[in-house]
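**Student:** my questions are about this predicted structure, shown below with the sequence.
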Amino acid sequence: MELKGKKVMVVGTGISGIGAVDLLNKVGADVILYDGNEKLKKADVEAKLKSNKAEIVIGECSDELISKVDLLVISPGVPIDSPLVLRFKEAGVLVWGEIELAYNYDKGSIVAITGTNGKTTTTALVGQIIKAYNEKTFVVGNIGNSYTGEVFNTSKDSVTVAEISSFQLETTNEFHPKVSAILNITPDHLNRHHTMECYAETKERVALKQTKDDVCVLNLEDEWLQDFAKKCSASVVYFSSKRKVEVGAYVDGDTIRYTDGVNDKEFLNIHDMKLLGVHNYENVCAAIAMTKAMGIPDEVIIREVKNFRAVEHRIEFVATKSGVDYYNDSKGTNPDAAIKAIEAMVKPTILIAGGYDKGSEFDEYINAFGDKVRLMVLLGQTSQKIADTAKKLGFTNYIFANSMEEVVDICAKNAKEGEAVLLSPACASWGMFDNYEQRGEIFKDLVNKLA
């Protein structure tokens with residue numbers, strides 16, 4: 001879609017919104033930057049824009065303004081069923097997000113990765129593998145690097161590896177990756193998507209425009225994805241941690257193998273990797289399937305998988321203090337992600353849990369404790385909800401805390417030599433922290449200050 005001279009309104013003055021304004025300036029669009037927060041000052045928004053140009057509107061959005069707009073670009077934090085967006089839709093205005101906007105200008109091939117858990121690790125690994133073979137590789141999206149900021153660096157022989165959340169997929173229309181992957185679908189963000197059916201359908205949009213000439217990599221052990229495979233428009237390649245697949249990568253004992261349906265090859269031993277846990281073996285299998293589909297040589301894939309280290313905030317080793325190992329899994333923002341971190345622990349563990357309530361239930365989280373979690377320290381909005389669930393299921397060894405400082409102090413006083421402390425909250429960070437990164441950084445800083 002040609003946007004030169006078009007009136008485009010961008011909603012949100014955060015990183016995503018400012019990135020969108022920058023791109024729209026470059027292509028000659030007439031930009032309006034809108035934020036409904038009446039407390040914002042225009043001068044502060046102008047400072048964020050730097051050299052970019054936009055008409056700034058704060059507070060009420062009038063019908064007259066809506067009538068002038070050709071395209072609405074919303075940030076991921078703006079729901080597509082919000083009253084503002086519905087007003088634009090009713091007026092017949094097209095609604096895009098950052099991913100669709102950037103895709104409109106991408107000249108190369110795209111690898112897109114979504115799923116409830118494992119996206120960041122898998123995206124970082126796929127990006128590292130492809131970049132080792134093709135320098136013109138850009139890793140973007142929900143991983144923290146703006147797609148709109150990189151897209152003008154793309155060329156016909158470049159590869160964009162994108163981590164894409166369900167929030168971002170809500171606003172894709174023509175987005176067409178050469179290779180896509182859905183790693184898993186488990187309950188998350190139900191306060192936004194309302195039902196699991198809606199959440200799953202949103203994730204599946206990553207393959208919406210794909211054809212049989214493209215590849216969609218799916219988790220064979222996920223029931224939602226087993227159903228999706230039957231209707232997926234792309235050529236399906238699987239990965240599994242439990243059994244051999246017809247085509248794709250799978251775990252067989254201590255080895256990861258790949259089969260094209262005829263030839264079956266051992267890729268590497270799981271003990272040659274620097275990643276812990278079955279969930280990471282699944283991430284590696286998915287990465288192998290995706291990079292094979294992109295034509296990356298086996299020797300490059302194997303070398304980069306062996307060299308790859310866990311991403312920050314995902315079962316990240318922090319330090320050993322008084323014989324106790326501390327791990328930062330702040331990115332465990334839902335029960336399923338946190339369960340995988342608990343399963344990766346090999347020592348008796350003190351678990352730090354709780355945070356913003358996204359509407360999750362915590363029964364499976366508590367049931368995953370087994371004989372691994374000895375004590376749970378609770379923090380944040382969901383503390384009582386998690387405690388009630390634990391008590392119902394027979395786990396009563398928990399302590400409430402009011403700050404991360406108090407949490408780390410409790411852990412240091414209660415942990416015994418030879419044990420582990422794991423921050424894997426099963427909840428978002430909002431309310432007490434800006435994001436999961438800030439939560440993890442504060443935790444790490446406090447741990448490193450321990451005697």
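**Tutor:** Yes, it's here.

**Student:** mind jotting down where the strands sit in the stretch 301-450 of the chain?
**Tutor:** 316-321, 324-328, 349-353, 373-378, 398-400, 420-423 (DSSP state E, counting those that start in this stretch).

**Student:** which stretch in those is the model least sure about?
**Tutor:** Per-stretch mean pLDDT for the strands of the stretch 301-450 of the chain is lowest at strand 316-321 (a mean of 90).

**Student:** in that one, what's buried?
**Tutor:** 316, 318, 321 (16 or more other Cβ atoms under 10 Å). The way it works is simple: take the backbone N, C-alpha and C, and place the C-beta from them, glycine included.

**Student:** which one of the strands of the stretch 301-450 of the chain lies closest to Leu450?
**Tutor:** With Cβ to Cβ as the measure, strand 316-321 is the member of these nearest Leu450 (4.5 Å).

**Student:** and that closest one, which strands flank it?
**Tutor:** strand 324-328 (antiparallel) (DSSP bridges).

**Student:** picking up where we left off before, dump the buried residues of strand 316-321 to TSV, plus distance to Lys209.
**Tutor:** As requested, the buried residues of strand 316-321 are arranged in TSV below (distance: Cβ to Cβ, whole Å):
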residue	distance to Lys209
Glu316	35
Val318	42
Lys321	50
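
**Student:** for the strands of the stretch 301-450 of the chain, give me JSON lines that also has distance to Lys42.
**Tutor:** Shown next, in JSON lines, are these (distance: least, Cβ to Cβ, whole Å):
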{"stretch": "strand 316-321", "distance to Lys42": "40"}
{"stretch": "strand 324-328", "distance to Lys42": "39"}
{"stretch": "strand 349-353", "distance to Lys42": "41"}
{"stretch": "strand 373-378", "distance to Lys42": "42"}
{"stretch": "strand 398-400", "distance to Lys42": "43"}
{"stretch": "strand 420-423", "distance to Lys42": "39"}
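
**Student:** on that earlier part again, of the buried residues of strand 316-321, closest to Ile185?
**Tutor:** Distances from Ile185 to those, taken by Cβ to Cβ, are shortest for Glu316, at 24.9 Å.

**Student:** leaving out chain neighbours, which residue sits closest to Ala286?
**Tutor:** Residue nearest to Ala286 in three dimensions, not counting chain neighbours: Phe239, with 4.8 Å by Cβ to Cβ, 6 or more residues apart in numbering.

**Student:** the one you found: how many residues sit nearby?
**Tutor:** By the measure other Cβ atoms under 10 Å, the count of residues near Phe239 is 28.

**Student:** verify the stated contact: it with Gly248.
**Tutor:** Yes - the pair Phe239 and Gly248 qualifies as a contact (Cβ atoms under 8 Å) at a distance of 5.2 Å.

**Student:** shared neighbours of these two, anything?
**Tutor:** 217, 220, 285, 289 (Cβ atoms under 8 Å, 6 or more residues apart in numbering).

**Student:** list the contacts for the second one?
**Tutor:** So that's Leu220. Applying Cβ under 8 Å, 6+ apart to Leu220 gives the contacts 226, 238-240, 242-243, 245, 248, 250.

**Student:** list only buried entries from the residues you listed.
**Tutor:** Buried among the contacts of Leu220 (16+ other Cβ under 10 Å): 238-240, 245, 248, 250.

**Student:** re earlier: are we agreed that the residue nearest to Ala286 is in a helix?
**Tutor:** No - counting by DSSP: H, G, I helix; E, B strand; the rest coil, Phe239 is not part of a helix but strand.

**Student:** distance of it from Thr122?
**Tutor:** 10 Å (Cβ to Cβ, to the nearest Å).

**Student:** over to Ser109?
**Tutor:** 17 Å.

**Student:** those two: who's more crowded?
**Tutor:** Using other Cβ under 10 Å as the criterion, Ser109 and Thr122 rank with Thr122 on top: 27 against 19.

**Student:** hang on, that one packs against Leu183?
**Tutor:** Yes - the criterion here is Cβ under 8 Å, and Thr122 meets it with Leu183 at 6.2 Å.

**Student:** what touches both of the two?
**Tutor:** Common contacts of Thr122 and Leu183 (Cβ under 8 Å, 6+ apart): 113, 115, 283, 286.
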